[in-house]
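**Student:** mind looking at a prediction? Sequence and model below.
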Amino acid sequence: MKDILDRIQGLLPILETSAKRLEGRKDGFGHGSLMTFANTMQTELKKIETMQSHNLFRRVLQGTEDMHTLLGVCKNITEGLEQFKISKTAAHSAHIHSDSVARRTCTPGTRVDVLKGILSWMQQPESEPVYWLTGPAGIGKTTIAKTICELVDHSLPMVSYFCSRQLDSGDAALLVSTICRQLCDKSSSYAASLVEALEKDSELAYATLEIQLKEMLMQPWEASASEHVGLPPVIIIVDALDENQGGTLFLQGLLHAVGATGLKGLKFFVTSREDEQISRLCNTLPEGTVLHLQNIPKHTVQHDIELYLANTLPDLHSHVLYQKLLEKLTKLSDGLFIYAATVVKMVTANNAALTEQVQTIFYKLL
């Protein structure tokens, strides 16, 4: 029963916003489905208000009648938001069942200036709405994005979408709909506008990426713009955009919308490799909103890699040539965290201590 009550409490702001916005609107809706939806919103709100007056949200229900009523309320409110499919692996906190896809955070003390710069951009109310982090494969973009998610998760409203060719998050059909569904949890006014849009056109759930971007994300957000004033911006983090089939189209539509309306109240942090099409689009971004990781001084990156190795290879601390080995591995990494991470994975496989075979390999490196 507690789960049902939690769902109602979470959906109540959406319900109240929808009912208030649609109350009294008759012109153009008298014969349409939206008027029916408005009546449903008002009816469901009255049900909840009545149940609240009887303290049903504060006591455990013994009978089944009230439980069935609550379940019906949940169903009526959520069915509009559940018309479209969402990715099960896109969120930064999603559990990934794949050895080929790894999401981890930065080792404490590494990437300090990079993280500081990104957080500063996020926290400045008047900063530019789009920030692009780029660099070649293996340089650490996803790790930085994951770390940013962890750092702001409880301090700023945030939506995350981590793209991967090996997972369902690489599917273009899931990109916009998943972001929209997460955004509903951060803004009840946007959620109400989105449900209204879906009520008008249920085919939006299966529309092309371009149409979904415009009519499910941009237009509903702008329609509720007056209700975002004074609120902190919602941060939308999209990692590895080049690994989503619709990544370029998404970015193109996003930048067009930003140029046209500004999308006040939303900030997009995007990472990708230097894909030719994405790079051409991002060349229009203002100074200070693009970071090429490969341009960071090499000695800074090598220091971070050495610190990462020292923190993740504890079995080597007792090795007589530990420091020399650490320096050798750092040099071989040549600025690529993925090389260092591969070494760590090999050494720490199955949480085992150094095997004789691995020791032999390390002696050859020396």
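**Tutor:** Received, thanks.

**Student:** just the helices in the stretch 101-250 of the chain please.
**Tutor:** 112-123, 141-152, 172-186, 188-200, 209-212, 219-223, 247-261 (DSSP state H, counting those that start in this stretch).

**Student:** list the buried ones in the last one?
**Tutor:** Neighbour-count burial for helix 247-261 flags Gly247, Thr248, Leu249, Phe250, Leu251, Gln252, Gly253, Leu254, Leu255, Ala257, Val258 (criterion: 16 or more other Cβ atoms under 10 Å). In this view, the C-beta of every residue, glycine as well, is placed from N, C-alpha and C.

**Student:** from the residues you listed, which is closest to Pro108?
**Tutor:** Gly247 (31.0 Å; Cβ to Cβ).

**Student:** wait, the closest one sits on Cys282?
**Tutor:** No: contact criterion Cβ atoms under 8 Å: Gly247 and Cys282 do not qualify, at 11.8 Å.

**Student:** list the buried ones in stretch 148-156?
**Tutor:** So stretch 148-156, judged by 16+ other Cβ under 10 Å, has buried residues Ile148, Cys149, Leu151, Val152, Leu156.

**Student:** can you list contacts of it?
**Tutor:** 92-93, 105, 115, 118-119, 122-123, 158, 160, 232-235, 237, 269 (Cβ atoms under 8 Å, 6 or more residues apart in numbering).

**Student:** again, 7 Å this time
**Tutor:** His92, Thr105, Leu115, Ile118, Leu119, Met122, Met158, Ser160, Pro232, Ile235, Ile237, Phe269 (Cβ atoms under 7 Å, 6 or more residues apart in numbering).

**Student:** the third one: what's it in contact with?
**Tutor:** By Cβ under 7 Å, 6+ apart, the residues touching Leu115 are Ile144, Thr147, Ile148.

**Student:** per-residue confidence at the closest residue to Lys88 other than its chain neighbours?
**Tutor:** Computed as Cβ to Cβ, 6 or more residues apart in numbering, the closest residue to Lys88 that is not its neighbour in sequence is Asp168, at 6.1 Å. As predicted, Asp168 sits at a pLDDT of 95.

**Student:** do I have it right that Asp168 meets Leu174?
**Tutor:** Yes: between Asp168 and Leu174 there is a contact under Cβ atoms under 7 Å: 6.2 Å.

**Student:** need phi/psi at Pro157.
**Tutor:** Per-residue torsions, Pro157: phi -60, psi 130 (degrees, to the nearest 10).

**Student:** might one say that it is in contact with His228?
**Tutor:** No: using Cβ under 7 Å, Pro157 makes no contact with His228, being 10.5 Å away.

**Student:** identify the contacts common to those two.
**Tutor:** The contact sets of Pro157 and His228 do not overlap (Cβ under 7 Å, 6+ apart).

**Student:** low-confidence ranges, this structure, go.
**Tutor:** 1-84, 98-100, 314-321, 348-366 (pLDDT under 70).

**Student:** where do the strands of it begin and end?
**Tutor:** 130-134, 158-162, 234-239, 266-272, 290-292 (DSSP state E).

**Student:** tabulate these (JSON lines), appending distance to Glu203 and mean neighbour count.
**Tutor:** Putting those into JSON lines (distance: least, Cβ to Cβ, whole Å; neighbours: other Cβ atoms under 10 Å) gives the following:
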{"stretch": "strand 130-134", "distance to Glu203": "29", "mean neighbour count": "23"}
{"stretch": "strand 158-162", "distance to Glu203": "23", "mean neighbour count": "25"}
{"stretch": "strand 234-239", "distance to Glu203": "24", "mean neighbour count": "24"}
{"stretch": "strand 266-272", "distance to Glu203": "25", "mean neighbour count": "24"}
{"stretch": "strand 290-292", "distance to Glu203": "37", "mean neighbour count": "16"}
